[in-house]
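Return atomic coordinates for the entry below.
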Amino acid sequence: MIIKELNGNKPVLGEDCFIAENAVIIGEVEMGDNCSIWYNAVIRGDVHYIKMGNKVNVQDGAVIHATYQKHPTNIGNNVSIGHNAMVHGCNIHDNVLIGMGAIVMDDCVVESNSIIAAGAVVTKGTHIESGTIYAGVPAKKVKDISQELISGEINRIADNYVKYSSWYK
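Numbering: from 1, shown residues only. Sure thing, here's the model as predicted:
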């Protein structure tokens, strides 16, 4: 793993986190407890800060970055960022699933209990309302989310990644 201080900013990791051997975490990055950063994931806090809550999993190949002097990246608690997703200069609230290969661009807000479908492109400045599923290119609301999806997908995946990371520690 590469955990690198840059311009006087050193990543701060929470308790009981798993960082894969080839994950990269640079600069002004702060993460909560029970997070997992998987293989080939990059979290690059070089141009602005990146803050992550508790129980966040950043899956294989995902990239988290920010926009110089404009848009930091804030990620809440209980968030899953799918394989090869890109999260850039945006605000992701609690209990969110960002699907595999999805892109969430600058100045977006993804409210709690929401799902961004695999492959979706959430364009700059989009506001995702709480309790919705967005899909497509560009991403549009496809439906409201059910309580079953919140517990069956969002919470299940976040909980599973805490379990998976325990296998590696």
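
which residues does the residue positioned nearest the centre of the chain contact?
Centrality entry for the chain: nearest residue to the mean C-alpha point is Ile81, 4.2 Å, by Cα atoms, centre = their mean. Contact partners of Ile81, counting by Cβ atoms under 8 Å, 6 or more residues apart in numbering, are Val56, Asn57, Val58, Gln59, Ala62, Ile64, Ile75, Val87, Ile98. C-beta here means a position set from N, CA and C on the backbone, and glycine is covered the same way.

Just put the residues you listed in CSV and tack on secondary structure, neighbour count and distance to Val42.
Putting the contacts of Ile81 into CSV (DSSP: H, G, I helix; E, B strand; the rest coil; neighbours: other Cβ atoms under 10 Å; distance: Cβ to Cβ, whole Å) gives the following:
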residue, secondary structure, neighbour count, distance to Val42
Val56, coil, 27, 15
Asn57, strand, 26, 15
Val58, strand, 31, 9
Gln59, coil, 22, 12
Ala62, coil, 26, 8
Ile64, strand, 27, 7
Ile75, strand, 26, 14
Val87, strand, 27, 11
Ile98, strand, 29, 15
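
out of those, who's nearest Val29?
Distances from these to Val29 were compared by Cβ to Cβ; the smallest belongs to Ile64, at 8.3 Å.

pretty sure the closest one contacts Val42?
Yes: using Cβ atoms under 8 Å, Ile64 is in contact with Val42, at 7.2 Å.

Check this structure for its longest strand and report it.
strand 42-52 (DSSP state E).

what sits up against that strand?
Defining contact as Cβ under 8 Å, 6+ apart, one finds that strand 42-52 is touched by 6-7, 9, 11, 23-32, 35, 37, 58, 62-75, 79, 89.

Also stretch 13-27?
Residues external to stretch 13-27 that are found in contact with it (Cβ under 8 Å, 6+ apart): 1-7, 9-11, 31-46, 54, 58, 60, 165-166, 168-169.

Can you give me the end-to-end span of that stretch?
The first residue of stretch 13-27 is 12 Å away from its last residue (Cα to Cα, to the nearest Å).

quick one: the helices in this structure?
Per DSSP state H, the chain carries helices over the ranges 147-149, 156-168.

Which of these sits closest to His93?
With respect to His93, and counting by Cβ to Cβ, the nearest of the helices of the chain is helix 156-168 at 13.5 Å.

related to what we said a few turns ago, sheet-wise, list the partners of the longest strand of the chain with their directions.
Strand partners for strand 42-52, identified by DSSP bridges, are recorded as strand 24-30 (parallel), strand 63-65 (parallel), strand 73-75 (parallel).
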